[in-house]
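*Asks:* Structure for the following, please:
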Amino acid sequence: MQSPIRFTTETEAITYVFESIAASGWQNRGLDEHTRDTHPTQKLLEMHHLLNTRREYAVVTGSKGKGSVTALTAKLLQSLGHKVGMVTSPHLTTYRQRFRINGKMISEADLVRLVNELAPSIDVIRAGLHDGQYISPQGIFLALALKWFDENDVTAAIIEVGRGGRYDDNALVPNALSLFTPIILEHVRYLGPTVERIAWHKAGIIKPHSYVYSLPQSPQVMQVLSQEAEQQNATFEWLAPMDMGRFVASTENGMRVDFGRYGVVELPMLGRYEIENASLAIWAAGNIHARLPLNPPLSHRGPEYLVHIRAGLESIIWPGRCQQLQDKPQVFIDGAINTTSAQSFIESVRHRLTQPVVTILAVPRDRDYAALYPMFAPISQALILTETDRNITIKFPEPEVALAEARKHHADVTYQPNVAAALDAAKAKTGDDGTVLMAVAQPVIGDTMALYGLVYEQI
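*Replies:* Numbering: from 1, shown residues only. Below is the predicted model:
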């Protein structure tokens, strides 16, 4: 029986997706183990038989780079001939960017239709919840994605978790592969006060008798991951320096990287950190490809396999990550909101900088925002602080507090209330010949993409 049409636009559908958590009062904002419950999502997935499909899953977690690894792995599998679904978060300008098949984002018509089809089941689940309990938006989005993947015969899906893992709805899929990017101290309000506790949360994506691949980690994190893998009887491997691609030279649109048996590849990404992410994605794609049938078969050992991997690497598009938005003045944007990412961003673009340089910073208050100011101050003629209300769950420091901190490191520091005003102020200082650096949180990247009219329907 066809579900009644309750929603006709993306805005209406998304508003409904957030109704349950909104009705809970948004009070469940403590540690994940005390406030998050995946059982309502589990029930929704079971009601629609969404975990029964024979599909290969990889789940990706970490503190930085997990979106890039998700996109790269999906692109490589697509290049090898598979039909690949992808779930990422957060989005840049529309929720539809979170769901893609072979790089193409879901249409508004499909998103609205799928929410209409899921709504009766969601209503039943909500009716059985006690006060303060909710079915999470992420869980509803997961059900939407899996339903869409089923309709389109997707054979592999790469799923990025939100912030943790053990209590993350996206980790409900039966993934035979878990991928870990570097884990650092983050989201302490939700994951705990130590890097070991944060790693414990993220290690929760590992399934029994599965495969686990990790980029280099601190000794504390590595111990947590290896212990979890051992408890789950999982095969745990980590990439050593010899397994990484090697930077060869910069190009106009990215860099040339030596990926060993795959040769020197033109990687269309500016961030040096993407070399590690691409190296992990190559491992991941090989692991999943080995379990997926193809007609005709494509052996890992054959020259055609190398050709397809190279083609995938050379065609990747992943916006908002160390991306150049314009030439005169140069504008580079990155989600560099921790010191490690900021250092990588600076090193990745240092040789491209033209003077004068002005840096726009928008770092949430739950991050160590003050630590970034002394990193960008020495290379900048001025610092401009800004923020956004695009995502109401992400709060920024009070302007006067942030300004006081930044002025400890630079004399020319100002505040602008939004990214449009910040860019106008920055360009007034740089003229056409200089460079604007933007080290900003994901919602501000979204504001910037909207300002430039960039949607990226296909990546």
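*Asks:* low-scoring stretches of the chain, by residue?
*Replies:* 1-2, 26-28 (pLDDT under 70).
*Asks:* State the phi and psi torsions of the residue nearest the centre of the chain.
*Replies:* Among the residues of the chain, the one closest to the centroid is G67, at 2.9 Å (Cα atoms, centre = their mean). Here is the backbone geometry of G67 (degrees, to the nearest 10): phi -70, psi -40.
*Asks:* if I read this right, it contacts T88, doesn't it?
*Replies:* Yes - using Cβ atoms under 8 Å, G67 makes contact with T88 at a distance of 5.2 Å. Yep, even glycine has a C-beta here, placed from its N, CA and C like the rest.
*Asks:* what residues are shared contacts of these two?
*Replies:* Here G67 and T88 have E160 as joint contacts, going by Cβ atoms under 8 Å, 6 or more residues apart in numbering.
*Asks:* per-domain residue ranges of the protein.
*Replies:* The chain breaks down by automatic domain parsing into domains covering 10-314, 323-452.
*Asks:* May I see these organised as TSV, with distance to S3 added?
*Replies:* Shown next, in TSV, are the domains of the chain (distance: least, Cβ to Cβ, whole Å):
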stretch	distance to S3
domain 10-314	5
domain 323-452	29
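*Asks:* so which of those domains comes closest to P4?
*Replies:* domain 10-314 (7.3 Å; Cβ to Cβ).
*Asks:* now do the same end-to-end measure for the closest one.
*Replies:* Distance between the two ends of domain 10-314: 33 Å, counting by Cα to Cα, to the nearest Å.
*Asks:* begin at 216 from here
*Replies:* Sure, I'll start numbering at 216, so the last one becomes domain 225-529.
*Asks:* That one: how far from the chain's middle?
*Replies:* 8 Å (Cα atoms, centre = their mean, to the nearest Å).
*Asks:* Determine the number of other residues adjacent to the residue lying closest to L287 once chain neighbours are set aside.
*Replies:* For L287, ignoring the flanking residues on the chain, the nearest one in space by Cβ to Cβ, 6 or more residues apart in numbering is A496 at 3.5 Å. Residues within reach of A496, counting by other Cβ atoms under 10 Å, total 30.
*Asks:* does A496 really touch L291, like I thought?
*Replies:* Yes - with contact defined as Cβ under 8 Å, A496 counts as touching L291 (5.8 Å).
*Asks:* contacting residues for Y584?
*Replies:* Y584 makes contact with I552, L576, V578, P612, A617, E620, according to Cβ under 8 Å, 6+ apart.
*Asks:* what's the closest of these to Q673?
*Replies:* The closest of the contacts of Y584, once distances to Q673 are taken by Cβ to Cβ, is I552, at 27.4 Å.
*Asks:* Next one: the closest one relative to K319, how far apart?
*Replies:* In this view, I552 and K319 are 29 Å apart by Cβ to Cβ, to the nearest Å.
*Asks:* The two - which one has more neighbours?
*Replies:* Higher neighbour count among I552 and K319: I552, with 23 against 12, using other Cβ under 10 Å.
*Asks:* Sticking with that one, tell me its helix or strand.
*Replies:* Following DSSP states H and E, there is no helix or strand that holds I552.
*Asks:* Of all the domains of the chain, which one comes closest to I674?
*Replies:* Closest to I674 of these is domain 225-529 (Cβ to Cβ; 4.7 Å).
*Asks:* Near the residue lying closest to A597 once chain neighbours are set aside, how many other residues are there?
*Replies:* Leaving aside its sequence neighbours, A597 sits nearest to D627 (Cβ to Cβ, 6+ apart; 4.0 Å). Using other Cβ under 10 Å, D627 has 14 neighbouring residues.
*Asks:* for the stretch 416-565 of the chain, what spans make up the helices?
*Replies:* Assigned by DSSP state H, counting those that start in this stretch, the helices in the stretch 416-565 of the chain fall at 434-446, 489-504, 518-529, 554-564.
*Asks:* Just put those helices in TSV and tack on distance to I374.
*Replies:* Output for the helices of the stretch 416-565 of the chain, formatted as TSV (distance: least, Cβ to Cβ, whole Å):
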stretch	distance to I374
helix 434-446	18
helix 489-504	12
helix 518-529	19
helix 554-564	22
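*Asks:* Between those helices, which one is closest to I350.
*Replies:* Closest to I350 of the helices of the stretch 416-565 of the chain is helix 434-446 (Cβ to Cβ; 27.1 Å).
*Asks:* and that closest one, C-alpha only, in PDB?
*Replies:* Provided in PDB are the C-alpha atoms of helix 434-446 (Å, rounded to 0.1, in the frame of the first residue of the first chain):
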ATOM      1  CA  PRO A 434      50.500   4.500  21.100                       C
ATOM      2  CA  GLN A 435      47.500   5.000  23.400                       C
ATOM      3  CA  VAL A 436      45.000   4.900  20.500                       C
ATOM      4  CA  MET A 437      46.700   2.000  18.800                       C
ATOM      5  CA  GLN A 438      46.400  -0.100  22.000                       C
ATOM      6  CA  VAL A 439      42.700   0.600  22.300                       C
ATOM      7  CA  LEU A 440      42.000  -0.300  18.700                       C
ATOM      8  CA  SER A 441      44.200  -3.500  18.800                       C
ATOM      9  CA  GLN A 442      42.500  -4.600  22.000                       C
ATOM     10  CA  GLU A 443      39.000  -4.100  20.500                       C
ATOM     11  CA  ALA A 444      40.000  -5.900  17.300                       C
ATOM     12  CA  GLU A 445      41.400  -8.800  19.400                       C
ATOM     13  CA  GLN A 446      38.100  -9.000  21.400                       C
END
